[in-house]
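# 3D model of this:
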Amino acid sequence: MSTLVIVESPTKARTIRNYLPSDYRVEASMGHVRDLPSSAEEIPEAVKGEKWAQLGVNVDADFEPLYVVPKDKKKIVKQLKDALKDADQLVLATDEDREGESISWHLLQLLQPKIPIKRMVFHEITKEAIRDALKNCRNIDEKLVRAQETRRILDRLVGYTLSPLLWKKIAWGLSAGRVQSVAVRLLVSRERQRRAFHQGSYWDLKAILEQEKTLFEARLITFAGTKVATGSDFDSNTGQIIAGRKVRLLNEVEARELQERLTDKTWTVTDLEERPVTRKPAPPFTTSTLQQEANRKLRLSARETMRTAQSLYEQGYITYMRTDSVHLSQQALAAARSCVEQMYGKQYLSPKPRQYTTKSKGAQEAHEAIRPAGSTFRTPQETGLSGRELALYDLIWKRTVATQMADSRQTHITVELQVEDAGFRATGKRIDFAGYLRAYVEGSDDPDAAIEDQEVILPPLKKGDHPNCTELEAIGHETQPPARYTEASLVKTLESEGIGRPSTYASIIGTIIDRGYAQMKGNALIPTFTAFAVTSLLEKHFPDLVDNSFTARMEQTLDEISTGEAQWLPYLRKFYLGEKGLETQVKERESQIDTNEARTVELENLDAKVRIGKFGPYIETNNGQEPVTASIPKDLTPADLDPEQVEVLLRQKTEGPDKVGLHPETGEPIYLLIGSYGPYVQLGDATEENKKPKRASLPKGVNMEDVTLEMAVGLLSLPRTLGIHPETSGKIQAGLGRFGPYVVHDQGKEGKEFRSLKTGDDVLTISLKRALELLAEPKKGGRSGSGSKSKAPLRELGSHPADGEPVNIYDGPYGPYIKHGKTNASLPEGQSVEQLTLETALELLAAKASTAKTSRKSSKSAGSTKRQAAGASSTTRKTAAKKTTTTARAKKTT
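Numbers count the residues shown, from 1 in each chain. Coordinates of the predicted model:
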């Protein structure tokens, strides 16, 4: 008797195969095999004429979804059907959450097996877990399937109903989403707070005191019996002290006068308090907390974290990574406690096994926290992992082991000091027993160093002592605006508000960035002007859809559908149909929304109007009778656009650009301008003969007012040749590109080798010797060469059977990808570089090539159609074009 086991990915298939009997065949479905149509060409001919076909959901027939098999999955489905012919039993072993349950259900609907079927679930891929799962198979959970299907339909209804409205009223290509739009609103609300923020300033004193040859620090807290104002006493909307606060606000003059008066005066300890504090370890990781901590500690995006965790799970290193639970099994507790005892000693073990209670809203999905897999935990060094996988496993291992360690015992010390009429305070912290901090400190990579940093040692002091003041300094402070969201803080807020599911946060944040609603600067998510316009429209006309509580209640209802507490069909009818349904709201509101108003972004303290145009945001103001417009640079955010910048942009348009001087060789004027991508210099005027004069962007960190004629001439001379490489005789140049200043070595047929300049290097003055030093250093990724030859592959898979050309895996800006000739194919989510085979790579390349051919055919067909329609009347042509574009965009964008 042979058994066919189907999982989602080749990596998972290879790992699970090791733990199954020899007569079990394991195949991968490569994720979902069916979905709602993503483009017009995927809609079957039989229903193309139906009014609901574009939506993919027949709302008049009880919201019946239209499922199709995507082109790139047809071959996989055929392979699975062929494998099923030789099997006596089918085991569906997809992931244990709603998404995995849905994949199994769709496989069942497509394959229509005539043999016994089992649903096998497990939350870790180990020998014990797989053997145990085989003994405890179950049927497909229809409630989970229905909950996932309802979620998918709900997302389609919101996206495909609202997005076309945004195209008409604001700009083409925009999208709305059930969770996406709420997340964007969070970013916009924070940016509005930053724009409305008024800075406050205050002064205080810092003293360096000495007792028994030990120095310690104290801060001014009271003056003449009144508390001295600090940042928390200010109203962020006014920049003034909050009404009713009884505090003393010191200015610079008062602070310096007090400093002078207190110099050489006697200091006295008036009070001393030692307070014991116990700190407990944080719970083991959930999906959300793993994304947050990996972002803080490892600087990984949510998307990178989930991709890496998926790979670790499928290789059998960690338990299932999509979970809201902080529960640890008895097996995990025993393994963690064993690690503590062996590596740190019995004194670091908690008195009894420590369990945690899940507190997040709507917690569901898998039933155990993310932890190392197995009944014994492999140390990070024992895994053989490297790079991101090792770093993330190390994080998970430490966090899990720390949960079973003893509490950290600390003593917090507060010392009150008086000098004249000024009260000072010194605080210290002594770690009496490190406990779990020996293994894991939140936000730190090095626990031992973090423990040292946390300790603030004070000298032995008692009431009545007179420490000596060695230094007294007056310090000015300014209040700061609310911090922008990082991926970590946004994920934390979404989870705490019960918005969306943690397993979807990575894709939501990715979509927000990909669709141009936010830019990532450093670690901060900064909303764009488009995000402001879309959020304003939704807040005004569809407030429920961007309301945190409303969205959280939707999540709760979806959870209730998964448990059978709520019915899916009545809920969808209420949400979409009827007098207050989304469909009716959009139809009624469309005529009420003024397009000009929707494209305008209202910003406080700004007279000029900001509008969203075809080519991006721009400012508009009236200069007499004629309106004057100017594009806003792409890196300029709403919170940072002030009247001075508006004046510069408009002056460039009305008076012409600033002239830096004349080029010493050609005599042409050199101008300083601001464009869509920021400030740049331009040589000469744009004329009919010279439509594109030479331009050069200013290097990062260089302000417009700092640009000299010499610098401008140097920038316009880039790229400049430094000399010849002594080994290859190839030309070496220095230039300025998208990723900043660089040096490049032209190796002829071998391609070009790039290196970014480092801090201290100047692209205008760098020498050949320094360029050779940089080129000799190993490449760290980032800037790619002109071809794959100049970029070392992550792995060489072998030769393509069709032409003998190499098939390699490279690291790209969006993750690893496979390259053969001019065809590139991304690795599926969860597929590790190390486990990918040449056979799988060839399938992915073939699917990508097939998609590319289809796209080219569609483009040619569209061009042919346009040419045939050229003879039609003007009115007919415009109407048809508009209709066609709307349909195509609806399928492609949402």
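# Tell me how many other residues crowd residue 100.
By the criterion of other CB atoms under 10 Å, residue 100 has 23 neighbours. C-betas here are computed from N, CA, C, even on glycine.
# Mind telling me what element it is part of?
In the assignment (DSSP states H and E), residue 100 maps to helix 98-111.
# taking the mean pLDDT, what do you get for the following helix or strand past that helix?
Moving toward the C-terminus from helix 98-111, the next helix or strand (DSSP H and E) is strand 117-119. The average pLDDT within strand 117-119 is 96.
# where does the stretch 501-650 of the chain dip in pLDDT?
Scanning the stretch 501-650 of the chain for pLDDT under 70 picks out 624.
# Could I get the full set of helices for it?
Secondary structure of the stretch 501-650 of the chain (DSSP state H, counting those that start in this stretch): helices located at 505-514, 529-541, 548-563, 568-576, 582-590, 595-598, 643-654.
# now the stretch 1-150 of the chain
Using DSSP H, counting those that start in this stretch, helices in the stretch 1-150 of the chain cover 10-17, 71-85, 98-111, 127-135, 142-169.
# Minimum distance to residue 263: which of these has it?
Nearest to residue 263, of all those, is helix 142-169, at 64.4 Å by CB to CB.
# Can you pull out the residues in contact with whichever helix or strand comes after that closest one?
The helix or strand immediately downstream of helix 142-169 is helix 180-196, counting by DSSP H and E. Residues from elsewhere that reach helix 180-196 (CB atoms under 8 Å, 6 or more residues apart in numbering): 162, 236-237, 481-482, 484-485, 490, 493-494, 499-500, 508-509, 511-512, 517-518, 525-527, 531-532, 534-535, 538-539, 545-548, 551, 603-604, 637-639.
# residue boundaries of the strands in the stretch 751-894 of the chain?
Shown for the stretch 751-894 of the chain, the strands assigned by DSSP state E, counting those that start in this stretch span residues 752-756, 795-799, 806-812, 815-820, 823-826.
# Repeat that for the stretch 401-550 of the chain.
Remark: strands assigned in the stretch 401-550 of the chain by DSSP E, counting those that start in this stretch are 408-419, 422-433, 468-478, 518-521, 524-527.
# Show me what the second one packs onto, helices and strands only.
In this case it means strand 422-433. With contacts taken as 3 or more CB pairs under 8 Å, 6 or more residues apart in numbering; DSSP states H and E, strand 422-433 sits against strand 201-211, strand 214-223, strand 408-419, helix 447-454.
# The second one: which residues count as buried?
To tie it back to what came earlier, the one meant is strand 214-223. Neighbour-count burial for strand 214-223 flags 216, 218-223 (criterion: 16 or more other CB atoms under 10 Å).
# cool, and the longest one?
Along strand 408-419, these residues count as buried under the neighbour rule (16+ other CB under 10 Å): 408, 410, 413, 415-417, 419.
# Stretch 595-615 now?
Here stretch 595-615 shows 598-601, 603, 606, 608-612 as buried, counting by 16+ other CB under 10 Å.
# With distance to residue 664 as added columns, please give the residues you listed in a markdown table.
Listed next are the buried residues of stretch 595-615 as a markdown table, based on distance: CB to CB, whole Å:
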| residue | distance to residue 664 |
| --- | --- |
| 598 | 50 |
| 599 | 45 |
| 600 | 46 |
| 601 | 43 |
| 603 | 43 |
| 606 | 41 |
| 608 | 38 |
| 609 | 42 |
| 610 | 40 |
| 611 | 41 |
| 612 | 42 |
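# Return the subset of those lying in strands.
Those of those mapping onto strands are 600-601, 609-612, per DSSP state E.
# Tell me which of the helices of the stretch 501-650 of the chain lies nearest to residue 355.
helix 548-563 (23.0 Å).
# Which elements pack onto that closest one?
helix 142-169, helix 487-497, helix 568-576.
# Over to residue 347. Which of the three states is it?
What DSSP: H, G, I helix; E, B strand; the rest coil gives for residue 347 is helix.
# Against residue 641, how distant is residue 487?
Separation of residue 487 from residue 641 (CB to CB, to the nearest Å): 24 Å.
# what's near enough to touch residue 440?
281-282, 398-399, 401-402, 447.
# Comparing the strands of the stretch 751-894 of the chain by mean pLDDT, which bottoms out?
strand 795-799 (a mean of 77).
# Adjacent strands (with direction) for that one?
Sheet pairing of strand 795-799 (DSSP bridges) gives strand 806-812 (antiparallel).
# thinking again about what came up before, pipe the strands of the stretch 751-894 of the chain into TSV and attach distance to residue 111 per row.
Conversion of the strands of the stretch 751-894 of the chain to TSV gives the following (distance: least, CB to CB, whole Å):
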stretch	distance to residue 111
strand 752-756	49
strand 795-799	30
strand 806-812	31
strand 815-820	28
strand 823-826	26
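# Can you say which of those strands is nearest to residue 197?
Closest approach to residue 197 among the strands of the stretch 751-894 of the chain (CB to CB): strand 752-756, 34.9 Å.
# if we can go back for a sec, most widely separated two among the ones in strands among the buried residues of stretch 595-615?
It's 609 and 612 that sit farthest apart of these, by CB to CB, at 10.9 Å.
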